[in-house]
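[1] Have a look at this prediction, sequence included:
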Amino acid sequence: MILGALYNGESLLPGQIGHILILLSFVAGLFSIFTFTKAANTGENSWNNLGKVGFYLQSIAIFGVIGIIFYAMINKMYEYSYVFEHVSDDLPMRYIFSAFWEGQEGSFLLWMFWHAILGMFILRKKYEIGPHVMATLLMVQTFLSSMLLGLYIGTGEEAIKIGSNPLLLLREVMDAPIFSNPDYASLIKGDGLNPLLQNYWMTIHPPTLFLGFASVTIPFAFAIAGLWSGKHKEWLTPALSWALFSACILGTGILMGGAWAYVALSFGGYWAWDPVENMSLVPWLILVGGVHANLISKSTGYSIKTSYLMYLLSFILILYSTFLTRSGVLGETSAHAFTNMGLEWQLVSLIGTFLALSLGFYFYRSRQIPSPKKEESIYSREFWMYIGTIVLLFSGGIITASTSLPVYNKIQTFFNPEFIGAVIDDPIPHYNKYQIWIACFVTVLSSAALWMRYKGFGWDKMKHKFMVANAAIMLASVAVTYLMTFLVDFFEARYFILNVFCVFAILVNLYLLFPKNWKSLKSLAAASSHLGFAMMIIGSITSGLNEKTISSNPFALTGLVEDESLAKIITLIKEEPFYSNNYWITYENDTIIGNTRFFDIDFREVDEKGNTLDQFKVHPNVLFSNDMTKVAASNPDTKHYLFKDIFTTVPSLPASQIDVELAKEVEDSLKYELYELTVGDTFFLSNCYGIVQGISTDPNNKNFLKENNDIGIQVDLKFNAMEKDTSYELKPALGLDKNLIYTYPDRINELKIKAKIPDSFFEAYFTEEAKLEYANFDIGNNGSFDYLDWTVQMVGINTSPTHKNYVAEEGDIAVSAQLIVTNNKTGERQEMEPLYIIRGNKPMVVKEYNAIDGLHIKFYSIDPSVPRFYFGTAVDKRDYQTIPIQIAEEVPRSDWITLEAVIFPGINLFWLGSILMMAGFGFAFFSRLKTKL
Amino acid sequence: MKRNHILAMLMLVAAIVIFVNASGDIGTYYTFEMANKATSAVKVNGTLDPEYEIKYDPAENANFFSFHMLDSKGNSNKVIMTAAMPQDFERSEEVVVTGNFKDDTFIATEILTKCPSKYKDEELYIRSES
């Protein structure tokens, strides 16, 4: 690029260092793979040390690239394409992290960052199979670093792209006329972060999810290490700890995504079986299956093959999930996917490489993997845990099969470009109908199987107790579920059955935990996660099946469609209470803070007699785009109770409030009529009559801000509706700010009228300085003079004056004359203080103006020897006979919002259950930290 | 027979049952002509017909909007939806509607739109369900 020298203001150094570091991370990675492989195969420590050097070099390079991107972002170096796309001048610093991982390259770096951190922990542990683990981890890490290389093999259209470099300059990726300007770097402004993502969830969800993704690599690497070294038992203990950690973090990351969708986005739920959601869930399901197989293997020696396969598969599915979300293959079937980066083939080869590696190692060793000859007893814990693992695998398989439909379609189009792809007609019921039965299985297995011991130990003695206790708890569960029907509807038998199993699982887990087992962290961990899962499912039954729209408006759609429950939205006019489903709902006010507009909405729940049962306020809001020209997103607000949530969102607003362009369209469509009026006139419109009450030079129109306007004028009008006895005030105004006249229209929504004053009136009322005719006076100390109707009396001199139009500078000599001005007609007196200033030997004046009388006074000079004070006075011409007012009728109302309000009963059970489940994995992880990792 | 084989067979049977059962849940995108003959809810994909205005007046009824859509064959048909209009609907490039015909009007129960974003190369997907 010889052109480089032709541009000014570009900071090229960070980019150049970054390019070197990206290359270094790749090369150091290759070196480290080679040396760790040597160390693994020879067992020589020197190779291991070289491997460590390579790993640390690579990690430093990755941290360096991340640091450089942050440096460029913080310093707003828009010449870099990645900075241009994700940062803008108005982006608050707290969103800099969100901006960093908004793009694909940044999120790859985040993933690699966690790999590097996890790798350091593995090195510290000095595992015997450490070199094998590190070699595998580095293969993954180095493949990911190739996603940032940004190399092209070949030229032109057929070039194969390897990676996408996050440090390319904007002019290298875009062709635009602005690049013909050598100073373009100082002229461009970044696009900024999508307002939908300017949210603290965007700060915490991606790092957690990517730590989850990165941590799935570790059990995978241990599985490969086990196969590679042939030490089929040694890897099981450390792999289990890492898998528990991973299940906890990945699960938390997924749930955070659900919480984000529910709390901050207007999706109206926490889970929608969207492909992107599904494909982060499936690796987790498989990983959890792996944890169970791993427990069996560690305790009994059974299921080692299954442990291998589950860990290998969970990682392959992470890669598959990466492919689906980042390749654009999901197309219109997903509500949230990354932009296509043009690296589909590289992503496919990423999956292919590690699938081949996994299968290669597995089949190379499969005959040697130990497994007991005798089959496990049917009354043993390991047998039912194995069944549970298979059920999780099966569940993941079904979800993956359905989610992959767009992939089958894509493959078909390679053979037949005319192929019309199939889609799932209604995804939510489709997924639910299978997963309901899987959940039933899982709940029973995760409770009843806990009675049993490994290898069926002591079964004969407890057989009787098992049967009796389980039967009793099952009966109790049916009874509890029956009692629940008084509070919630189950609608269908299958949900009733599922609920029975969930209650059963909770009770059995509690029964087994008390009175004494809770002291064991491992038992507590198992109970917490199994019970949490069951509770989560109950929460999703109560909140999902029983969600109830408060804001239904059944009259709006009568006769149009059969299902009138579809009408979920009501229109609220400001300050007019609306009754809907036992609630009086009132839109009270709205406030703009930053680029968010909050609505204050009052809910009052009443009983049949109209007594207030409960009252609360919610503040849903809409978020404007970064340039404030249009509404970018609608954010809900939720009122939380212990047993229910009330979720509210504002789906639409009047056209004039959504978008500057639409507002202009609405304004242009109004038909203003000009009325020539005088104070005291009464005039008639089609639905009302108005009276001109007066003119004021101190406007209180709500959009008129005194601090922004030098002077202003307002016409006060009063309107009465024809039929009703209500009157309304209308206060159109004009203001002057830095020689520009601003119009402040006013409206009465109830009468659908809007009025404004034409600019010409401002000029007629206030005379321009150039057109004023000043009369000159000079007086002695504390003298006075008469000008037309006014008497001006000087009362003193102020040597340290202040005035809103005067900004003091060093070296100024400023004095003001303190004057009392009496209007001889009205008898009103006013203090005025014109200024006389000498700045650098030049005299200046700052005049005083009385807007009511239209009187201007200037203090011209002082003759100190006598002393004598020189003044000039002038008065506005006020040459108008009538006050012109433009009034439009039939103006669309702008004082309403629409509202959707939904009750989610029992949703806290879902969240509490999820937290317990994740805490269970956490407990299990910590219980194993105490022993040996 | 080993227990693993029995398990594998059970899973295979379950998988086949589910596969057969699930094939009823999937369908291709219809054209308006095909949708008019369909008895259950179907999906039609296409684009907004610029010849016609999108009608939505939340002040009047926030749960109703109507527009004309061109299907994949380029035939235009009126679509009504009984829900709030999704944001940026008028700017959407692709529209997928789910629903069925009543007389000559397609009544949509769900709409999925794909919008070009002002953010470079990025596309926002906006989902609206009723």
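    Nice, I can see it.
[2] how close does A:Met73 get to A:Leu149?
    According to Cβ to Cβ, to the nearest Å, A:Met73 and A:Leu149 sit 21 Å apart. To be clear about C-beta, it is placed using only N, CA and C from the backbone, and glycine gets the same treatment.
[3] neighbour-wise, which of the two wins?
    Ranked by neighbour count (other Cβ atoms under 10 Å in any protein chain shown), A:Met73 and A:Leu149 place A:Met73 first, with 23 against 18.
[4] isn't the more buried one right up against A:Glu85?
    No: between A:Met73 and A:Glu85 there is no contact under Cβ atoms under 8 Å: 10.6 Å.
[5] which residues of chain B fall in helices?
    Remark: helices assigned in chain B by DSSP state H are B:3-22, B:32-37.
[6] State the number of residues packed around residue 29.
    Since you didn't name a chain, this refers to chain A. By other Cβ under 10 Å, the residues close to A:Gly29 number 27.
[7] ah, no, chain B please
    Here the count is done by other Cβ under 10 Å, and B:Tyr29 has 19 residues near it.
[8] just checking, it touches B:Val95?
    No: in this structure, B:Tyr29 is not within contact of B:Val95 by Cβ under 8 Å, at 11.1 Å.
[9] Show me the contact partners of stretch A:746-757.
    A:573-574, A:670, A:672, A:685, A:687-688, A:701, A:713, A:715, A:717, A:719, A:721, A:726, A:728, A:730-734, A:743-745, A:883-895 (Cβ atoms under 8 Å, 6 or more residues apart in numbering or on different chains).
[10] Make a PyMOL selection of the buried ones in those residues.
    Command for PyMOL, covering only those of the contacts of stretch A:746-757 found buried under the criterion 16 or more other Cβ atoms under 10 Å in any protein chain shown:
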select buried, chain A and resi 573+574+670+672+685+688+701+713+715+717+719+728+730+731+732+733+734+744+745+883+884+885+886+887+888+889+891+892+893+894+895
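[11] about what we covered before: closest to chain A out of the helices of chain B?
    helix B:3-22 (5.6 Å; Cβ to the nearest Cβ).
[12] Those residues of the stretch 51-200 of chain A touching chain B, which are they?
    By Cβ under 8 Å from any Cβ of the partner chain, the residues of the stretch 51-200 of chain A that approach chain B are A:85, A:191, A:194, A:196.
[13] try it again with 7 Å
    For the stretch 51-200 of chain A, the residues in contact with chain B (Cβ under 7 Å from any Cβ of the partner chain) are A:85, A:191, A:194.
[14] Was I right to think the second one contacts A:Val83?
    When you say that, I think you mean A:Asp191. No: counting by Cβ atoms under 7 Å, A:Asp191 stays clear of A:Val83, with 9.8 Å between them.
[15] For those two, work out which one has more neighbours and name it.
    Using other Cβ under 10 Å as the criterion, A:Asp191 and A:Val83 rank with A:Val83 on top: 25 against 19.
[16] So which elements touch the helix or strand harbouring the more buried one?
    Using DSSP states H and E, A:Val83 sits in helix A:81-86. Applying 3 or more Cβ pairs under 7 Å, 6 or more residues apart in numbering or on different chains; DSSP states H and E, we find helix A:81-86 packed against helix A:45-74, helix A:170-173.
[17] got these as CSV, with mean pLDDT columns?
    Below are the helices and strands packed on helix A:81-86 laid out as CSV (pLDDT from 0 to 100):
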stretch, mean pLDDT
helix A:45-74, 97
helix A:170-173, 86
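[18] So which of those is nearest A:Leu227?
    Closest of the helices and strands packed on helix A:81-86 to A:Leu227 is helix A:45-74, at 19.3 Å (criterion: Cβ to Cβ).
[19] Now render the helices of chain B as CSV, adding mean neighbour count and mean pLDDT.
    Formatted as CSV, the helices of chain B follow (neighbours: other Cβ atoms under 10 Å in any protein chain shown; pLDDT from 0 to 100):
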stretch, mean neighbour count, mean pLDDT
helix B:3-22, 12, 88
helix B:32-37, 15, 90
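[20] Now tabulate these in CSV and tack on distance to A:Ala422.
    Formatted as CSV, those follow (distance: least, Cβ to Cβ, whole Å):
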stretch, distance to A:Ala422
helix B:3-22, 11
helix B:32-37, 14
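[21] could I get the ones you listed as CSV with distance to chain A?
    Below are these laid out as CSV (distance: least, Cβ to the nearest Cβ, whole Å):
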stretch, distance to chain A
helix B:3-22, 6
helix B:32-37, 11
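[22] who wins for proximity to A:Glu277 among those helices?
    A:Glu277 lies closest to helix B:3-22 among these, at 18.7 Å (Cβ to Cβ).
[23] can you map out the strands along the stretch 551-700 of chain A?
    For the stretch 551-700 of chain A, strands defined by DSSP state E, counting those that start in this stretch occupy the ranges A:569-573, A:578-580, A:583-593, A:596-606, A:612-618, A:621-624, A:631-635, A:637-640, A:644-649, A:672-677, A:682-684, A:688-696.
[24] of all those strands, which lies closest to chain B?
    strand A:569-573 (4.3 Å).
[25] From chain B, how far off is the closest residue to A:Thr649 other than its chain neighbours?
    Excluding the flanking residues, the one nearest A:Thr649 by Cβ to Cβ, 6 or more residues apart in numbering or on different chains is A:Pro636, at 3.9 Å. Distance of A:Pro636 to chain B, computed by Cβ to the nearest Cβ, to the nearest Å: 13 Å.
[26] what number of residues lie near A:Pro636?
    A total of 23 residues lie near A:Pro636 under the criterion other Cβ under 10 Å.
[27] Next: the one 5 residues further on.
    Using other Cβ under 10 Å as the criterion, A:Tyr641 is surrounded by 14 other residues.
[28] how close does it sit to chain B?
    Counting by Cβ to the nearest Cβ, the gap from A:Tyr641 to chain B is 25 Å.
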